[in-house]
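Peer 1: coordinates for the following, if possible.
(one chain, ligands or ions: 1)
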Amino acid sequence: MSIPLSPDRVTIVEVGPRDGYQGIGPFIPTETKIGFVQRLVAAGLSRIEIGSFVSPKALPQMRDTAEVLTACARLPGLRAQVLVPNERWGREAVAAGAGALVFVLSVSETHNRNNVRRSPAESVDEYHRLLAAIPPETAIRLDLATAFDCPFAGRVPLKTTLTLLDRLVASRPEAEICLCDTTGRADPAHVADLFAAARERFPQVSAWALHAHDTYGLGLANVHAAYRGGVRVFDASFAGLGGCPFAPGATGNVATEDVAWMFARMGVATGIDLDRLLPIVRDGAAIPGGLAGGRVRKALHAQPVACVAAT
Ligand code: MG
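Peer 2: As a prediction, this is how the structure comes out:
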């Protein structure tokens, strides 16, 4: 996957249909999921993580990802990606028509064992098996969960993340690499330091991305720090969907509308039409069982949307 290098253009990857939905208990009807993707594309979101191929026992909300993928394959202008935790589900995703896979592993040993029941080193081996098993033209993104902080082990040293990347980058330098602040405890200095170190160590990687959560209110600050450090791809979730209904205080990804608003105010193009996005965001915030976040949705609620671009 490649990123635009223009200083005044960024790509927002909409991950609400995966990271935002996966913790929602009540099943979101497949037609509703497809409808949201259609509307998000119409609002200018050209890259959307439409779901994950994982055990339906582990994440029942994601059990219809193949159907959503099939329906969305016909949408012009959409590059759909799906998350996979291992080779087996990666092959299933490709068989279902996926052209872009997101392989996830955690930097933290404890988190990776909890998530995929392997050590990080074993997940690197799994990544290599996945690459060998799928068509070479399949676009690949690597999501490094807990790249900054682990819910069990705390702050992750830069060296731990960089060392894990050594073998991952060597096998597929053109893969997009997304450093994920899974807990939301990263801060702008940490984000700047890790991306600077990673870009210096891996000059062959051109596509870096940040996956920020807004748990402590630092989501946008972290996006901005990464942007200043040269990152041009950012994950975000419409309405800030995410978090866990059973974990008080936990919130979702940084909200798509907040990131789009910030960049619009900075004069940085995202391709997103905020006038079209806001009604979708309001509907997203009303999904039964969902936990919405973000600020722009509420701030603009009582204002004419035409004010969005005013200075
Ligand atoms: Mg996440």
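Peer 1: check the closest residue to residue 8 other than its chain neighbours and give its pLDDT.
Peer 2: With C-beta to C-beta, 6 or more residues apart in numbering as the criterion, residue 8 has its nearest non-adjacent residue at 5.2 Å, and that residue is residue 268. Using the backbone N, CA and C atoms, a C-beta is placed for each residue, glycine as well. pLDDT for residue 268: 97.
Peer 1: try the one 3 residues further on
Peer 2: Model confidence at residue 271, expressed as pLDDT, equals 97.
Peer 1: picking that back up, what is the neighbour count of the residue nearest to residue 8?
Peer 2: 16 (other C-beta atoms under 10 Å).
Peer 1: ok, it - contacts?
Peer 2: 8, 9, 10, 227 (C-beta atoms under 8 Å, 6 or more residues apart in numbering).
Peer 1: I'd say the second one and residue 266 touch.
Peer 2: In this case it means residue 9. No - applying C-beta atoms under 8 Å, one finds residue 9 not in contact with residue 266, separated by 11.4 Å.
Peer 1: circling back to that earlier point, scan the contacts of residue 268 and report the most crowded one.
Peer 2: Top of the contacts of residue 268 by neighbour count (other C-beta under 10 Å): residue 10, with 23 neighbours.
Peer 1: from residue 14, how far out is the residue nearest to that one when sequence neighbours are not counted?
Peer 2: Among residues not flanking residue 10 along the chain, residue 232 sits closest, at 4.9 Å (C-beta to C-beta, 6+ apart). To residue 14, residue 232 is 16 Å away according to C-beta to C-beta, to the nearest Å.
Peer 1: now the lowest-mean-pLDDT helix or strand in the chain, how far from the centre of its chain.
Peer 2: When each helix and strand of the chain is scored by mean pLDDT, DSSP states H and E, helix 109-116 comes last, with a mean of 87. Centroid displacement of helix 109-116 relative to its chain, using C-alpha atoms, centre = their mean, to the nearest Å, is 19 Å.
Peer 1: stretch 45-60 too?
Peer 2: On C-alpha atoms, centre = their mean, the centre of stretch 45-60 falls 11 Å from the chain's centre.
Peer 1: quick one on the thing from earlier: between residue 232 and residue 14, who's got more neighbours?
Peer 2: Neighbour tally, residue 232 and residue 14, criterion other C-beta under 10 Å: the higher count belongs to residue 14, 28 against 20.
Peer 1: tell me the contacts of the more buried one?
Peer 2: Contacts for residue 14 (C-beta under 8 Å, 6+ apart) come out as 40, 45, 47, 48, 49, 236, 237, 238, 256.
Peer 1: let's see 6 Å
Peer 2: Neighbouring residues of residue 14 by C-beta atoms under 6 Å, 6 or more residues apart in numbering: 40, 45, 48, 256.
Peer 1: among these, the buried ones, what's the ChimeraX command?
Peer 2: To isolate the buried ones among those in ChimeraX, judged by 16 or more other C-beta atoms under 10 Å, type:
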select :40,45,48,256
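Peer 1: mind checking which of the contacts of residue 14 are in helices?
Peer 2: Judged by DSSP state H, the subset of those located in helices is 40, 256.
Peer 1: and of the contacts of residue 268, the nearest to residue 172?
Peer 2: residue 10 (23.3 Å; C-beta to C-beta).
Peer 1: test my guess that the closest one contacts residue 230.
Peer 2: No - using C-beta atoms under 6 Å, residue 10 makes no contact with residue 230, being 11.0 Å away.
Peer 1: which elements pack onto the helix or strand harbouring residue 105?
Peer 2: Residue 105 is part of strand 100-106 when elements are defined by DSSP states H and E. Under the contact criterion of 3 or more C-beta pairs under 6 Å, 6 or more residues apart in numbering; DSSP states H and E, strand 100-106 touches strand 79-84, helix 109-116, strand 139-145.
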